[in-house]
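Undergrad: Next one to model:
(one chain, ligands or ions: 1)
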Amino acid sequence: MMATELFAPHRLDVLHHLRREKVGELMDHVARLASDGKPVNVGRVAFTTSLNLLSRTIFSHDLTSLDDDNRSGEFQEVVTGIMETVGAPNVSDFFPVLAPADLQGTRRRLERLFSRLHVVFDAEMDERLRGRDAGQPRKNDFLDVLLDVAAHEDGKDLLDRQTLRSLFRDLFAAGSDTSSSIVEWAMTELLQNPSSLAKACNELEQVIGPTRNIEEADIVRLPYMQAIIKETFRLHPPAPLLLPRQPEVALKIAGYTIPKGSRIFVNVWAIGRDKDVWDEPEKFMPERFLLGSTIDFRGADFALLPFGAGHRICPGMTLATRMVHLILASLLHQFKWSLPAEMERDGIDMEDKFGLTLTKVVPLCILATLV
Ligand code: HEM
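TA: As a prediction, the model looks like this:
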């Protein structure tokens, strides 16, 4: 259902006006901050834009607004809290017998975080069901599709309230924090690497020009921008260990025996920094993806796997890549960016925080000026 109703290319094409609208709102918001001389929290505004884009597709309206920093901050806190808690090493994974004791309080913390999101999702579902009873017109969004299935006799058990809550939770958690983190890291690397920033801006000037806004269809004509995103995925993969795997039977792969039930993590963060795979791996160098390189991040090249690969590759990959290219390219096309004085003096903090997703410890707050 996710593949046909939410992420299929024809469905994404139909909804491209939503993404254009959300990115337009983001540009207006940044323009207001720029004229007030206030810094832009790049990760926060990209998070709010990604979150609202998802909520428009699923519930037909925004869950928060760029101007309501408190509510956006609360959502971001819950989502990053979930990712950190799920991704933290847990003693129960190594000694399953201890799991019921929940020694680190992981289960209790997750339950608290989940329940904050469930309140929001329950309100959406209840309001829609009340609207249906009152004969209101359909919205034909993802929620309508799911409620249709749930209303059928054979769908009742398949999509009960708890399953719907988990589905929405997975979509919002998997889709918002990951996309905003890549925009924030790309901007961070560009401000650290002025020659790459200049090349990106030149490309935008030549391909798009000064008078019109960027459209998704332009992305194929922006090879340097695409190389920047790939290079950011290599150095800062939003899901550094992908999702854990657990084989149901013992396996032998490349001479290694993997016992049944063992937890397997694929460390794409380490693959991205492996000097046997990459020249000067610590260096931000988008050029490595130009000049005849065919390396892509869609799962065929094991050197670059930010979305996983194969059967369980991220179902939101196409949406995510359209979104992050459009957001980053628009931010660079419409504004000039600079560091606040103290960051100029002390340098940008590059520390990252390891959870299920990799986030920046100190948010990137920088100054925009209209081009
Ligand atoms: C830059 C952005 C994103 C990155 C790097 C990313 C990465 C990943 C990765 C690595 C996985 C696990 C794949 C595996 O099992 O090996 C995953 C799963 C998933 N992603 Fe994404 N993702 C991104 C954006 C999105 C978006 C926008 C959505 C849509 C809302 C989404 C929805 C999902 C879902 C639902 C799963 C779970 C699939 C399953 O259970 O098999 N992701 N993602």
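Undergrad: For Ser50, grab the count of nearby residues.
TA: 26 (other CB atoms under 10 Å). (Each C-beta comes from the backbone N, C-alpha and C, glycine too.)
Undergrad: which residues does it contact?
TA: 175-176, 179-180, 323 (CB atoms under 8 Å, 6 or more residues apart in numbering).
Undergrad: got it, and Thr4?
TA: Contacts of Thr4 (CB under 8 Å, 6+ apart): Arg11.
Undergrad: okay, now the residue of the stretch 251-371 of the chain found nearest the ligand: neighbour count?
TA: Using CB to the nearest ligand atom, Gly316 is the residue of the stretch 251-371 of the chain that sits closest to the ligand, at 2.2 Å. When neighbours are defined as other CB under 10 Å, Gly316 has 19 of them.
Undergrad: which residues of the stretch 151-300 of the chain fall in strands?
TA: With DSSP state E, counting those that start in this stretch as the criterion, the stretch 151-300 of the chain has strands at 251-253, 256-258.
Undergrad: Same list (the ones you listed) but as a markdown table, adding distance to the ligand and mean pLDDT.
TA: Formatted as a markdown table, the strands of the stretch 151-300 of the chain follow (distance: least, CB to the nearest ligand atom, whole Å; pLDDT from 0 to 100):
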| stretch | distance to the ligand | mean pLDDT |
| --- | --- | --- |
| strand 251-253 | 15 | 91 |
| strand 256-258 | 16 | 92 |
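Undergrad: coming back round to it: list the contacts for the residue of the stretch 251-371 of the chain closest to the ligand?
TA: Going by CB under 8 Å, 6+ apart, Gly316 touches 7, 171, 174-175.
Undergrad: just the buried members of the residues you listed?
TA: Among the contacts of Gly316, the ones that count as buried by 16 or more other CB atoms under 10 Å are 7, 171, 174-175.
Undergrad: contacts with the ligand among these, please.
TA: 171, 174-175 (CB under 6 Å from any ligand atom).
Undergrad: nearest to Cys365, of the residues you listed?
TA: Gly175 (23.6 Å; CB to CB).
Undergrad: Correct me if wrong: the closest one contacts Pro315.
TA: No. Using CB atoms under 8 Å, Gly175 makes no contact with Pro315, being 9.8 Å away.
Undergrad: Show me which residues of the stretch 201-350 of the chain are close to the ligand?
TA: 238-239, 242-243, 306-308, 312, 314-316, 319-320, 324.
Undergrad: And the helices in the stretch 151-300 of the chain, which stretches?
TA: Assigned by DSSP state H, counting those that start in this stretch, the stretch 151-300 of the chain shows helices spanning 161-192, 194-207, 223-235, 268-272.
Undergrad: got the ones you listed as CSV, with mean pLDDT columns?
TA: Shown next, in CSV, are the helices of the stretch 151-300 of the chain (pLDDT from 0 to 100):
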stretch, mean pLDDT
helix 161-192, 91
helix 194-207, 97
helix 223-235, 98
helix 268-272, 95
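Undergrad: Give me the helices and strands touching the longest strand along the chain, please.
TA: Taking DSSP state E as the criterion, the chain has its longest strand at strand 365-370. Here strand 365-370 touches helix 16-36, strand 40-41, strand 335-338, going by 3 or more CB pairs under 8 Å, 6 or more residues apart in numbering; DSSP states H and E.
Undergrad: next helix or strand past the shortest one?
TA: So the one you mean is strand 40-41. helix 42-59 (DSSP states H and E).
Undergrad: Could you see whether the ligand lies near that following helix?
TA: Yes. Counting by CB under 6 Å from any ligand atom, the ligand is contacted by helix 42-59 at Leu54.
Undergrad: what about the stretch 51-200 of the chain, any weak spots by pLDDT?
TA: 83, 86-106, 153, 155-156 (pLDDT under 70).
Undergrad: swap in the stretch 201-350 of the chain?
TA: Looking at the stretch 201-350 of the chain by pLDDT under 70, you get an empty list.
Undergrad: how about a cut-off of 90?
TA: Residue ranges of the stretch 201-350 of the chain with pLDDT under 90: 210-211, 241, 243-246, 253-254, 261-265, 291-293, 298-300, 311-312.
Undergrad: Any chance of CSV for the helices of the stretch 151-300 of the chain, columns distance to Thr49?
TA: Below are the helices of the stretch 151-300 of the chain laid out as CSV (distance: least, CB to CB, whole Å):
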stretch, distance to Thr49
helix 161-192, 8
helix 194-207, 19
helix 223-235, 16
helix 268-272, 25
